[in-house]
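Q: Here's my sequence, what's the structure:
(chains A and B, ligands or ions: 2)
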Amino acid sequence: MIKVNSGLIDKIKISEDFNASACFNCGTCSALCPVGFDILPRKLFRYVLLGEEEKILESTDQVFSCLLCRMCEEQCPHEVNITENIRLIRNYLAKSKLGV
Amino acid sequence: MSKVGAVLGILNDNFEKRKTVFSVSEKSLTSWAKDLDIKRGTETIIYTGHMYQLMPITKSATTLYENLEDSPLMKLAPVGRIVNKFVNLSSMSKYAAKPERNEVERSERCLQNIYKLLKYAGVEAGYLYEDELYVGTLLYDNGIDEPLINQAKTLNKILKDNNVKNIITVDPHTTHMLRRVYKKILPEFNYEVKNYIEVLYENKIKPQNKLDMTVAIHDSCVLARYEEIIEEPRVLLKNAGINYVEPELSRKLTHCCGGPIESLFPKKAKEIASKRANDLLSCSNIVTTMCPICLLNLKESSPSKDSFLDLSEILVKSYLQNS
Ligand code: SF4
Ligand code: SF4
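A: Ligands and ions are numbered 1, 2, ... in the order given. All right, here's what the predicted structure looks like:
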C-alpha cells in the first residue's frame, strides 16, 4: 500500500520554479544522463505530484546523486526545470526528513 | 540518520559556525596573492571564492572518504555530526588528510596566472584577502539555501564597504552563485559579475607567441549550460595558435566530470570522471579544463595525470611568455 500525502506538493513547491507538472513523461531526459539515473526525473516528479512521500524517501540516495549538470534539461522538450525541481526536492528532504 | 543526512549536517554545521564548509586557514586562502602586491578592495575585484584553494584539501579528503565509504567506520558518520558540534572534526581531518605541497602550489599558481592575465588585459583588479567569503555552492546544490541568505547579506555589506562594483570570478560555480543565485535570494545584491574568461575575451588580449599544440576541450557544465560561456575560451585558445579538438559530447552537451557528488558518493563520482577522462584523452593527450573541480576529478580518475591542464596554465604560455 502506498501512502499518499496530498499536502506534499505544497511543501516542495516553495518557489514558482518548481514545475514538475509540466513533465509529460516522455523519458527523453534520461538518454544522456551521466549517472544513468534509474529513478528517472519523470518517475520522481510523478511521486511528488501523487504525494507518494515514502517513495521519495526511499529514493534519497538517488535524489542526492544527481549532478545538477543539466544534460537532461538540454533535451527536455517541455522546458521542465529538472535540476531546480530536484534541488527543491532535496530542500524538502534535508529540512523535513534528514534533520539537517 | 542516513549517511546523506549526516554528511550534509556536518557541512551545514560548519557553515553556520565558521562560514565555510571545510576548515582551512586564512593564510592558505590568501597566500597565492602574497607577492603580487594586489590592492585591497577597489571598484573591480578578483573573487576566488576559495575553490582553487580548496582543491588540494578536497583531493586528500576524497581519498580518505573513498577508503571509508564501504568500511564500518562510515556507519559512524551520524555520530560524526554530533561530535562535530563540540570538536572541530573537519580540522581534525587535516591530520588524516594532508594536502600535498605540489598540489597547493599548483592551485596558487593558477590563481596567480589568472590575476596576471587580467593585468595584461588592462584590468586592475583588487582583492578582498581574508574578507572574501566562500559562497556556499555545496550547500545550495544540496538544497540547503536558508543559511545562504545571511552569507549573501554579509558579503553584500563587505562589498559595499569596499565600494566594489565589478566582480571577476575565477571558477564557474562562484560565477553562477554570485551572478544569479545571490541576486535571487537577495535582490539588492547587484554587481556586475563576470568570469575571467569573459573578461579576457572582451578585452581582446593579444598573444605574445603562438603555441603549436593540440588540446581537447572539456567544457564545464556550469560554464556551458548555466552561464553559456562557450565561444570565449575557444577564441582565446585559437588566437594562441592552439588547435583545439572537441570530444563527442561538448559545448552545450558537455559531459559532467562527476565532481558535484564527490563528497557524498565518491565511487560513483570517480566512475563518471574516468569515463569522461577516457573520452577526452581519445581526442588528444592534452586536455584543458576551466574549473578547478573538473581539473581535480578528471586528473585523479585517469592514469595520465599530467595530461590535464587548467585553461590558465595554457593561456599564460602564449599570452604572457615571450617566445
Ligand atoms: S524530458 Fe522533460 S518532459 Fe520528458 S520525461 Fe523528462 S522531464 Fe519529463
Ligand atoms: S542533471 Fe541529474 S538527472 Fe539530469 S542528466 Fe544530470 S545527473 Fe542526470
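Q: Assign residue B:168 to helix, strand or coil.
A: Judged by DSSP: H, G, I helix; E, B strand; the rest coil, the three-state class of residue B:168 is strand.
Q: what sits against it?
A: By C-beta atoms under 8 Å, 6 or more residues apart in numbering or on different chains, residue B:168 lies in contact with B:44-47, B:118, B:123, B:125, B:194-196, B:199. Backbone N, C-alpha and C define where each C-beta goes, glycine included.
Q: That one bridge partners, please.
A: residue B:46, residue B:194 (DSSP bridges).
Q: On the pLDDT front, check it for me.
A: The predicted local distance difference test score for residue B:168 is 98.
Q: what's the burial count for residue A:6?
A: By the other C-beta atoms under 10 Å in any protein chain shown criterion, the neighbourhood of residue A:6 contains 8 residues.
Q: Let me see the contact set for the closest residue to it other than its chain neighbours.
A: Spatial nearest neighbour of residue A:6, excluding adjacent residues (C-beta to C-beta, 6 or more residues apart in numbering or on different chains): residue A:51 at 5.1 Å. When contacts are counted by C-beta under 8 Å, 6+ apart, residue A:51 touches A:4-9.
Q: that older thread, now, among the contacts of residue B:168, which is nearest to ligand 1?
A: residue B:195 (28.6 Å; C-beta to the nearest ligand atom).
Q: coming back round to it: tabulate the contacts of residue B:168 (TSV), appending distance to residue A:83, neighbour count and pLDDT.
A: Conversion of the contacts of residue B:168 to TSV gives the following (distance: C-beta to C-beta, whole Å; neighbours: other C-beta atoms under 10 Å in any protein chain shown; pLDDT from 0 to 100):
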residue	distance to residue A:83	neighbour count	pLDDT
B:44	31	18	98
B:45	29	24	98
B:46	28	24	98
B:47	24	26	98
B:118	31	21	98
B:123	32	20	97
B:125	31	22	97
B:194	23	22	98
B:195	20	26	98
B:196	25	26	98
B:199	27	23	98
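Q: With distance to residue A:70 added, can I get those residues in TSV?
A: As requested, those are arranged in TSV below (distance: C-beta to C-beta, whole Å):
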residue	distance to residue A:70
B:44	30
B:45	29
B:46	27
B:47	23
B:118	28
B:123	30
B:125	30
B:194	21
B:195	17
B:196	22
B:199	24
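Q: among those residues, which are within reach of ligand 1?
A: Contacts with ligand 1 are made by none of the contacts of residue B:168, judged by C-beta under 6 Å from any ligand atom.
Q: Give me the phi and psi for residue B:268.
A: Summarising the backbone geometry of residue B:268 under the convention degrees, to the nearest 10, its torsions are phi -60, psi -40.
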